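> next comes the sequence, and after it the predicted model I'd like to discuss.
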Amino acid sequence: MGEHGQNAISVLVVGGSLVGLSTAVFLALEGVPVAVVEKHPASSKHPRATGFTPRTMELLSAAGLVDRIPFLVPANFRLIRARVESLAGTWYETSEWTPKKPESPAIEYSPCLGAAIPQDQLESILREKAIELGAVLKFGTELVRFEQDSERVSAVLRERGGTEYTINAAYLVAADGSGSPIREALGINRKGRGHIRTMRSVLFRAPLEEYLEKGARQFDIRQSGFEAFLTTYSDGRWVLMFADDLERDEGELLQAIIRSIGRSDLPVEIITTGRWELQALIAERFSFGRVFLAGDSAHTLPPTRGGYGANTGIQDAHNLAWKLAAVVSGASAPRLLDTYQAERHPVAWLRHQQTFARPDYKAVANGFASDEPIIDDIAMEFGQLYRSAAVIDAGSDLPVALRPDQWAGQPGTRAPHHWISKGGGGERISTLDLFHRGWVLLAENEGWVPAVSLAVARIGIQLRCVRTGIDIVAADRGAFRSAFGLGDAGASLIRPDGFVAWRSVGMPADPARALIDAFGSVSCAWESSGSTSSNSQI
């Protein structure tokens, strides 16, 4: 991207925060020329999100980032919340904010742990990785206006010095936050619970580590005439949140911090303040022509124990990136991009409904999710079902989510984690390590090998055949077969995002024809007669 003239790229991402940067990393990993523009000069001083789930870490692990991320959370970690007069005052009670559910079996669902890393630190890691992979990042640069037609998106950008220039991109990803000017320009409405309350907060630094020794990390402050919520980012920074929308000057903020600590003899450095809307709104559509919404621009959800905000956005980015890469490369027809809406919109709505079905927000549900059953946390994390043209036989009779041990490799589900060894006696890896690098056919019977060769020759998309018992060996063959729902002659077609696209439980009469038909369909390798082009402008 130069400073003037027409500059062509494949994907322009507007918004350089968590979701925009994740999108850039996932696209750049696929070799897609991508640029990110962000109107602010750097990440927000407010760290915001701090909890990232094991499923999110699976995606970041596939991007080669896990070794760069500190603060991994042990599997048995329980987040403790305390109700206190102040940190130094009376402690009334403590409770587990992430209570262990005894009804859930003790099963290892993922090779990855969650991470308790502040969002601004994770953004720094993502920026570094995106640049390493060749993505272009332009901070202090805002989108002025855009137009789109059947061929491209044309965007006018303005740098902080006032210089304007135009770039052309095949597609645009709007990761520009809850207020998304792009979404508003497209006329996309939102539905949901809506505004709950306006929150104020102050971020500060203080030496309060001694108050973490009892294990609590979150504190409900309860005093006569003063209530607030205090939590730590575990790096010396703390945030104090107020349940009101009052403007406080620096002196008043300092006094509120002192009241929360319960002593005035410690140094306190106020870093910044924040004002934000606690709300729940889902965009009616996640795309319009060549423009796609991701993260808060698509769905704004309040903080929850399940981490439905930032984690949902990162998973949006991953789902969209492999599809954009396939279409940009010419491997897949543009109709593959329609499956982004089909798959991610129901996930957002389910998480909206689960937010208000659960105790933390039930009192402010305002009629939403009144009859919604609470779905197991593990099912919400690992077991949500995709139904779209990129999946065959994810029937309407299937539930929207189950724990991985309750699924059996059905199309539309995340391919399960299972420990295996390479080549019968080599390195121990997870089945998840086989995926996220293109299409994979998992099969035991050698009859699938020539079928893969014929499918690749016919369709023109790379597909690896991984032979169980030959290329990989499961420690428990029976458990492995059950997890994937396969007989000894069956096969499972896994998408580049690690979801099952199609499955043959046994050997068809003509395996090559069955695979070619299925692979061509779910990869959208051939164009249909429909058109998704639209015209809009800002």
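That came in fine, so what should we check first? Numbering: from 1, shown residues only.

> could you use CA atoms for every contact and neighbour count after this?
Fine.

> paired strands for the helix or strand where Arg467 lies, with orientation please.
Following DSSP states H and E, one finds Arg467 within strand 463-467. Paired neighbours of strand 463-467 in the sheet (DSSP bridges): strand 439-443 (parallel).

> quick one: mean pLDDT for the strand it pairs with?
The pLDDT scores in strand 439-443 average 97.

> report the buried residues of the next helix or strand after it.
Note on strand 439-443: by DSSP H and E, the next helix or strand toward the C-terminus is helix 448-459. Within helix 448-459, the residues scored as buried using 16 or more other CA atoms under 10 Å are Trp448, Val449, Ala451, Val452, Leu454, Ala455, Val456, Ile459.

> which non-adjacent residue is nearest the third one?
By that I understand Ala451. Spatially, and ignoring its direct neighbours in sequence, Ala451 is nearest to Ala512 (4.1 Å; CA to CA, 6 or more residues apart in numbering).

> just checking, the one you found touches Trp448?
Yes - with contact defined as CA atoms under 8 Å, Ala512 counts as touching Trp448 (7.5 Å).

> give the residues shared as contacts by those two.
Common contact partners of Ala512 and Trp448 (CA atoms under 8 Å, 6 or more residues apart in numbering): none.

> what are the ranges of the helices in this structure?
For the chain, helices defined by DSSP state H occupy the ranges 18-29, 54-62, 119-132, 181-186, 250-261, 310-328, 338-357, 359-362, 377-382, 448-459, 477-484, 511-522.

> low-scoring stretches of the chain, by residue?
Across the chain, the ranges flagged by pLDDT under 70 are 1-8, 71-78, 97-105, 424-425, 527-538.

> can you list the domain ranges for it.
The record's domain split for the chain, according to automatic domain parsing, is 6-70+116-191+280-359, 393-522.

> quick one, which of the helices of the chain is packed in tightest?
helix 18-29 (a mean of 28; mean count of other CA atoms under 10 Å).

> and the angle from it to helix 54-62?
Angle of helix 18-29 versus helix 54-62, following axes from the mean of the first three to the mean of the last three CA atoms, to 10 degrees, is 40 degrees.

> quick check: the residue nearest to Leu240 when sequence neighbours are not counted vs Val452, distance?
Leaving aside its sequence neighbours, Leu240 sits nearest to Leu230 (CA to CA, 6+ apart; 4.5 Å). Distance, Leu230 to Val452, using CA to CA, to the nearest Å: 56 Å.

> what does Asp220 give?
The spacing between Asp220 and Val452, counted by CA to CA, is 58 Å.

> list the contacts of the residue nearest to Leu240.
Counting by CA under 8 Å, 6+ apart, Leu230 makes contact with Gln218, Phe219, Asp220, Ile221, Trp238, Val239, Leu240, Met241, Ser260.

> now the fifth one, nearest residue through space, not along the chain?
Of all residues not flanking Trp238 in the chain, Thr232 sits nearest, at 4.3 Å (CA to CA, 6+ apart).

> which ones are touching that neighbour?
Arg217, Gln218, Trp238, Val239.

> quick check, the third one in contact with Ser201.
No - with contact defined as CA under 8 Å, Trp238 does not count as touching Ser201 (10.3 Å).

> number of nearby residues for Arg68?
Per other CA atoms under 10 Å, the neighbour tally for Arg68 reads 11.

> can you show me the strands along the stretch 101-250 of the chain?
In the stretch 101-250 of the chain, the segments counted as strands under DSSP state E, counting those that start in this stretch are 114-115, 136-139, 141-148, 153-159, 164-174, 190-205, 216-223, 226-232, 237-242.

> for the first one, packing partners?
Think strand 114-115. With contacts taken as 3 or more CA pairs under 8 Å, 6 or more residues apart in numbering; DSSP states H and E, strand 114-115 sits against helix 54-62, strand 72-73.

> to Gly383, which of the ones you listed lies closest?
Of all the helices and strands packed on strand 114-115, helix 54-62 sits nearest to Gly383, with 10.2 Å by CA to CA.

> just give me the neighbour total for Leu385.
Leu385: 24 neighbours (other CA under 10 Å).

> wait, doesn't Gly498 sit right on His436?
Yes - with contact defined as CA under 8 Å, Gly498 counts as touching His436 (5.8 Å).

> give me the more crowded residue out of those two.
Taking neighbours as other CA under 10 Å, Gly498 and His436 compare with Gly498 leading, 25 against 20.

> so who does that one touch?
With CA under 8 Å, 6+ apart, Gly498 has these contacts: Arg414, Ala415, Leu432, Phe435, His436.

> who wins for neighbours among the residues you listed?
Of all the contacts of Gly498, the highest neighbour tally under other CA under 10 Å goes to Ala415, namely 28 neighbours.

> got the phi/psi numbers for it?
Dihedral pair for Ala415: phi -60, psi 130, per degrees, to the nearest 10.

> just give the number of residues close to the nearest residue to it once chain neighbours are set aside.
Of all residues not flanking Ala415 in the chain, Phe499 sits nearest, at 5.3 Å (CA to CA, 6+ apart). For Phe499, the neighbour count with other CA under 10 Å is 24.

> likewise for Met199?
For Met199, the number of neighbouring residues by other CA under 10 Å comes to 16.

> do the one 10 residues further on as well
Other residues near Glu209 number 11, with proximity taken as other CA under 10 Å.

> quick one: residues contacting it.
By CA under 8 Å, 6+ apart, the neighbours of Glu209 are Gly236.

> please state the offset of stretch 475-486 from the chain centre?
Chain-centre distance of stretch 475-486: 28 Å, with CA atoms, centre = their mean, to the nearest Å.

> need the residues that contact it.
With CA under 8 Å, 6+ apart as the test, stretch 475-486 has contacts from 405, 407-410, 415-416, 418-421, 474, 487-488, 492, 504-506.

> alpha carbons of that stretch, in PDB - could you do that?
Output in PDB follows, covering the C-alpha atoms of stretch 475-486 (Å, rounded to 0.1, in the frame of the first residue of the first chain):
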ATOM      1  CA  ALA A 475      -3.500 -45.700  21.100                       C
ATOM      2  CA  ASP A 476      -7.100 -47.000  21.300                       C
ATOM      3  CA  ARG A 477      -8.300 -48.100  17.900                       C
ATOM      4  CA  GLY A 478     -11.800 -48.700  19.000                       C
ATOM      5  CA  ALA A 479     -12.200 -45.300  20.800                       C
ATOM      6  CA  PHE A 480     -10.700 -43.600  17.700                       C
ATOM      7  CA  ARG A 481     -13.200 -45.200  15.400                       C
ATOM      8  CA  SER A 482     -16.100 -44.300  17.800                       C
ATOM      9  CA  ALA A 483     -14.900 -40.700  18.000                       C
ATOM     10  CA  PHE A 484     -15.000 -40.300  14.300                       C
ATOM     11  CA  GLY A 485     -18.000 -42.600  13.700                       C
ATOM     12  CA  LEU A 486     -16.100 -44.800  11.200                       C
END
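
> hang on, the residue nearest to Ala415 packs against Gly409?
No - with contacts counted by CA under 8 Å, Phe499 stays clear of Gly409, the gap being 9.3 Å.

> identify the contacts common to those two.
Here Phe499 and Gly409 have Ala415 as joint contacts, going by CA under 8 Å, 6+ apart.

> picking up where we left off before, for Glu147, find the nearest of the helices of the chain.
Of these, nearest to Glu147 by CA to CA is helix 181-186, at 10.3 Å.

> which other helices and strands does the closest one contact?
Identification of packing neighbours for helix 181-186 by 3+ CA pairs under 8 Å, 6+ apart yields strand 536-537.

> ok, how many other residues are close to Gln148?
Per other CA under 10 Å, the neighbour tally for Gln148 reads 24.

> is it true that it touches Asn168?
No - contact status for Gln148 versus Asn168: not in contact, 9.5 Å apart, counting by CA under 8 Å.

> now the common contact residues for those two.
Joint contacts of Gln148 and Asn168 (CA under 8 Å, 6+ apart) are Ser154.

> which one of the contacts of Gly498 sits closest to Val136?
Nearest to Val136 out of the contacts of Gly498 is His436 (CA to CA; 23.1 Å).
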